[in-house]
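Undergrad: after the sequence you'll find the predicted model.
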Amino acid sequence: MAKPERFKHEGLIVERHVSREGPSPYWIAYNGQTSMGFFTEVEMLRWLKLPGGDQRAALEGWLDALTQGKDPED
């Protein structure tokens, strides 16, 4: 497994893990005293329930940068 890519902003930490076997990529989000794993970005964003603002904009920008130039998979 490669080293996870990490996003940190005001107490929120999101890691993107890529593995050779099994579902890939998957995310682990740490928000305050709670953490949870996700297989899709949509599930993670729903769980985080971030209001519109600089934290959500920064996270969405980071997620977009990860998938920039790649075709969506069906």
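TA: That came in fine, so what should we check first?
Undergrad: quick check: the gap between residue 34 and residue 24.
TA: 24 Å (Cβ to Cβ, to the nearest Å). C-beta: built from backbone N, CA, C; applies to glycine.
Undergrad: which of those two has more residues huddled nearby?
TA: residue 24 (12 against 8; other Cβ atoms under 10 Å).
Undergrad: so which helix or strand takes in the more buried one?
TA: Assigned by DSSP states H and E, residue 24 falls within no helix or strand.
Undergrad: right, and it touches residue 2 too?
TA: No. Applying Cβ atoms under 8 Å as the test, residue 24 and residue 2 come out as separate, 10.1 Å apart.
Undergrad: for those two, list the residues in contact with both.
TA: Shared contacts of residue 24 and residue 2 (Cβ atoms under 8 Å, 6 or more residues apart in numbering): residue 18.
Undergrad: list the buried ones in the top helix by length along the chain?
TA: Of all the elements of type helix in the chain, the one with the most residues (DSSP state H) is helix 54-67. Under the neighbour-count criterion of 16 or more other Cβ atoms under 10 Å, helix 54-67 has 56, 58, 59, 62, 63 buried.
Undergrad: I'd like to know how far the third one sits from residue 19.
TA: Note on residue 59: its distance to residue 19, by Cβ to Cβ, is 22 Å.
Undergrad: next one: the second one
TA: Distance from residue 58 to residue 19, counting by Cβ to Cβ: 26 Å.
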